[in-house]
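Student: Provide a 3D model corresponding to the input given below.
(one chain, ligands or ions: 1)
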Amino acid sequence: MIQVEVTKQIKTYNGQQQLQIKTSFAPQATTQIFGPSGAGKTTFLKILAGLVQPEQGLICVHQQIWLDTHSNICLPPQKRKVGFVFQDYALFPHLTVEQHLLYGTTDQDYVQHLLEIGQMTSFRRHKPRHLSGGQQQRLALLRALSTKPHLLLMDEPFSALDNTLKQSIITDLKPLLVELKTTCLIVTHYPAESADLAEHTFELQ
Ligand SMILES: Nc1ncnc2c1ncn2[C@@H]1O[C@H](COP(=O)(O)OP(=O)(O)OP(=O)(O)O)[C@@H](O)[C@H]1O
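Tutor: Okay, the predicted model is just below:
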C-alpha cells in the first residue's frame, strides 16, 4: 500500500495555489492519474520521487516512511529507488540505447528482454540524437524498468507512440510488471489510452 497525504504551494498563472492530495494506491497494481492541465500531476510524481519537497506531508510506501514533515524525515531520491519516466525523457546524450539500460542492470538477458519489449533491438547502438521521438520515449520507459523498481512513476509515457505500438508495448509490459511486483502510477491526459494496463484510476482535481 502507498499512503500519501501532502500539501504543496504551486505557482500557477492565477497566482499561488495549494496542491492537496490525500489518497492511497494499491500495491503491485497500476493506477492511472488524470486531471486538468496544470492540476499538479507531474509535481505529484516528483513529490513521490523526492525531487520536489511539499511543505507538509506524509508518504508511506510499503510500510516504509519516505516523508514525514512532522518528524523531519525525508528519504533522498536515490534511496527511494523509483523508476521515473519523465515527460521530456531526460535521456543521457552520450550513452547508447544499450548503455542506458546497462546503467540500471548488469543482467544482459534482461537488457535483451527490455529491448524486445520496446522494439528497440536494432537501435541498441544508437545515441538519443539519432532516435525518433517515439524511440526516445520507449528508451525512457525501458531505462526506468532497467532497475526493476518496486515503484514505477510514468509521466505520459505513451504520448509519442502510435496506437499499434502502444498496444503492443502495453501487452508486453503487463506481465513484466506482475513479475517484478511493481506498483505503477501513470499520469495521462487520456485515461482510455492506458486502460488496458491500469486496474485503478485516480482523478486529481
Ligand atoms: N517545484 C515547484 N514548485 C512550485 N510550483 C511548481 C513546481 N513545479 C511546478 N509547479 C507549478 O505547478 C503547477 C502544476 O504543474 P504540473 O506540471 O505539475 O501540472 P500537470 O497537471 O502535470 O500539467 P500538464 O497536464 O499540463 O502536464 C504549474 O502551474 C507549475 O508552474
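Student: pull out the buried positions in stretch 84-93.
Tutor: 84-87, 89, 91 (16 or more other CB atoms under 10 Å). Heads up, the C-betas are built off the backbone N, CA and C, glycines and all.
Student: in strands, which of these appear?
Tutor: Taking DSSP state E as the definition of strands, those contribute 84-85.
Student: show the contacting residues for residue 105.
Tutor: 111, 146-148 (CB atoms under 8 Å, 6 or more residues apart in numbering).
Student: mind putting the residues you listed in JSON lines, pLDDT, neighbour count and secondary structure included?
Tutor: Formatted as JSON lines, those follow (pLDDT from 0 to 100; neighbours: other CB atoms under 10 Å; DSSP: H, G, I helix; E, B strand; the rest coil):
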{"residue": "111", "pLDDT": "98", "neighbour count": "21", "secondary structure": "helix"}
{"residue": "146", "pLDDT": "98", "neighbour count": "19", "secondary structure": "helix"}
{"residue": "147", "pLDDT": "97", "neighbour count": "16", "secondary structure": "coil"}
{"residue": "148", "pLDDT": "97", "neighbour count": "17", "secondary structure": "coil"}
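Student: wait, doesn't residue 67 sit right on residue 77?
Tutor: No - taking contacts as CB atoms under 8 Å, residue 67 lies outside contact range of residue 77: 11.4 Å.
Student: list residues touching both of these two?
Tutor: Contacts common to residue 67 and residue 77, judged by CB under 8 Å, 6+ apart, are residue 50.
Student: next, the buried residues of the longest helix along the chain.
Tutor: Secondary structure of the chain per DSSP state H: the longest helix is helix 163-180. By 16+ other CB under 10 Å, the buried positions in helix 163-180 come out as 165-166, 169-170, 173, 177, 180.
Student: neighbouring contacts of it?
Tutor: 28, 30, 113, 116-119, 134, 138, 141, 145, 148-150, 152, 158, 161, 184, 193-194, 196-197.
Student: buried subset of these, written for PyMOL?
Tutor: Here is the PyMOL selection string for the buried members of the contacts of helix 163-180, based on 16+ other CB under 10 Å:
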select buried, resi 30+117+118+134+138+141+145+148+149+150+152+158+161+184+193+194+197
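Student: relative to the ligand, which of the buried residues of stretch 84-93 is nearest.
Tutor: The shortest approach to the ligand among the buried residues of stretch 84-93 belongs to residue 87, at 6.6 Å (CB to the nearest ligand atom).
Student: OK, contacts around that closest one?
Tutor: With CB under 8 Å, 6+ apart, residue 87 has these contacts: 42, 155-156, 159.
Student: residue 44 now?
Tutor: Residue 44 neighbours (CB under 8 Å, 6+ apart): 6, 19, 21, 33, 187, 204.
Student: and it, what element?
Tutor: helix 41-49 (DSSP states H and E).
Student: quick one: buried residues of stretch 100-111?
Tutor: 100-101, 104, 110-111.
Student: okay, those in JSON lines with distance to residue 71 and secondary structure next?
Tutor: Formatted as JSON lines, those follow (distance: CB to CB, whole Å; DSSP: H, G, I helix; E, B strand; the rest coil):
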{"residue": "100", "distance to residue 71": "37", "secondary structure": "helix"}
{"residue": "101", "distance to residue 71": "37", "secondary structure": "helix"}
{"residue": "104", "distance to residue 71": "31", "secondary structure": "coil"}
{"residue": "110", "distance to residue 71": "37", "secondary structure": "helix"}
{"residue": "111", "distance to residue 71": "40", "secondary structure": "helix"}
